[in-house]
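A.B. asks: Prediction below, plus the sequence it came from.
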Amino acid sequence: MDYTKIKAPYINNKEIKKKADLFRRKFWDDSIPVDIETIIDVKLKIDIIPSLNLKQECDSDALISSDWKSILVDRNEYLDERYQNRLRFSFAHEIGHFVLHKDIYGSFKITALEEFYRFIEKIPKEQYGFFETQANKFAGYLLVKRKLLEKKLDIEIERVKKAIDLNSLNNKTLLKSYIANPLSKEFGISRESMEIILSEFDILNDESGF
């Protein structure tokens, strides 16, 4: 296949959120964190295969095959509980490809690492970026239901108001990081991922009471 001619489909954020919400309703409930590994292994019947040095060799925690039968995951990270939240997002990212790019990604015929290397080498970087951004968006919407986050964000803001002097937190990034830490633990994702998601909320506007 000529990877140089591949073009990622245009999918706006509203459509990605809709597909992620539909997926969650079908395979999960409102409990958090989302057990994406059980969804993959038990409900989707996709094999999770630990692979030695996957992160080192291809700079990726996890990769899904084009036949949708397996997901490779870096063995060292998979066996290390410190990477649990990071891998939860990585698995959800790969399922993002499964949901959003099933037809086109299936045509890539990627079933081995060598084929993935070739794909990365040949595909235009801009198009690859579109695929990855869409899958990241899907993962964020899947793992963090926005209506639930809004409720918990309100609670967290009230906690912050009681705990610290908000006037001392005039730096938006600092406040976001402060709030993101407990929320990330609840939803089972990394603090960095939660900070990106919180960028959707203007938590320092007048309506927030700050």
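C.D. replies: That came through fine. This is a predicted model, so every value here is computed, not measured.
A.B. asks: now the strands for this protein?
C.D. replies: Under the criterion DSSP state E, the chain contains strands at 47-51, 62-64, 70-74.
A.B. asks: In JSON lines: these, plus distance to Glu121, mean neighbour count and mean pLDDT.
C.D. replies: C-beta here means a position set from N, CA and C on the backbone, and glycine is covered the same way. As requested, the strands of the chain are exported to JSON lines (distance: least, Cβ to Cβ, whole Å; neighbours: other Cβ atoms under 10 Å; pLDDT from 0 to 100):
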{"stretch": "strand 47-51", "distance to Glu121": "19", "mean neighbour count": "15", "mean pLDDT": "96"}
{"stretch": "strand 62-64", "distance to Glu121": "15", "mean neighbour count": "23", "mean pLDDT": "94"}
{"stretch": "strand 70-74", "distance to Glu121": "18", "mean neighbour count": "22", "mean pLDDT": "96"}
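A.B. asks: Asp35: which of the ones you listed is closest?
C.D. replies: Asp35 sits nearest to strand 47-51 of all these, at 12.6 Å, using Cβ to Cβ.
A.B. asks: roughly how far out does the closest one sit from the chain middle?
C.D. replies: Centroid separation for strand 47-51 versus its chain: 18 Å, with Cα atoms, centre = their mean, to the nearest Å.
A.B. asks: now swap in stretch 26-41 and tell me
C.D. replies: Taking Cα atoms, centre = their mean, one finds stretch 26-41 lying 13 Å from the centre of the chain it belongs to.
A.B. asks: Distance to Phe108 for the strands of the chain - can I get that in CSV?
C.D. replies: Formatted as CSV, the strands of the chain follow (distance: least, Cβ to Cβ, whole Å):
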stretch, distance to Phe108
strand 47-51, 18
strand 62-64, 11
strand 70-74, 15
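A.B. asks: tell me the centre residue of the chain?
C.D. replies: Central residue of the chain (Cα atoms, centre = their mean): Ala139, 3.1 Å from the mean position.
A.B. asks: Could you measure from the spatially closest residue to that one that is not a sequence neighbour over to Ala20?
C.D. replies: The shortest distance from Ala139 to any non-neighbouring residue, by Cβ to Cβ, 6 or more residues apart in numbering, is to Ala92 (3.6 Å). Note on Ala92: its distance to Ala20, by Cβ to Cβ, to the nearest Å, is 9 Å.
A.B. asks: do the same with Glu115
C.D. replies: 28 Å.
A.B. asks: Which of the two has more residues huddled nearby?
C.D. replies: Between Glu115 and Ala20, counted using other Cβ atoms under 10 Å, the more crowded position is Ala20 (25 against 15).
A.B. asks: who touches the closest residue in space to Arg75 that isn't next to it in sequence in this structure?
C.D. replies: Once flanking residues are discounted, Arg75 sits nearest to Pro50: 3.8 Å by Cβ to Cβ, 6+ apart. By Cβ atoms under 8 Å, 6 or more residues apart in numbering, the residues touching Pro50 are Leu72, Val73, Asp74, Arg75, Tyr78, Leu79.
A.B. asks: Tell me, how many residues neighbour Asn53?
C.D. replies: 10.
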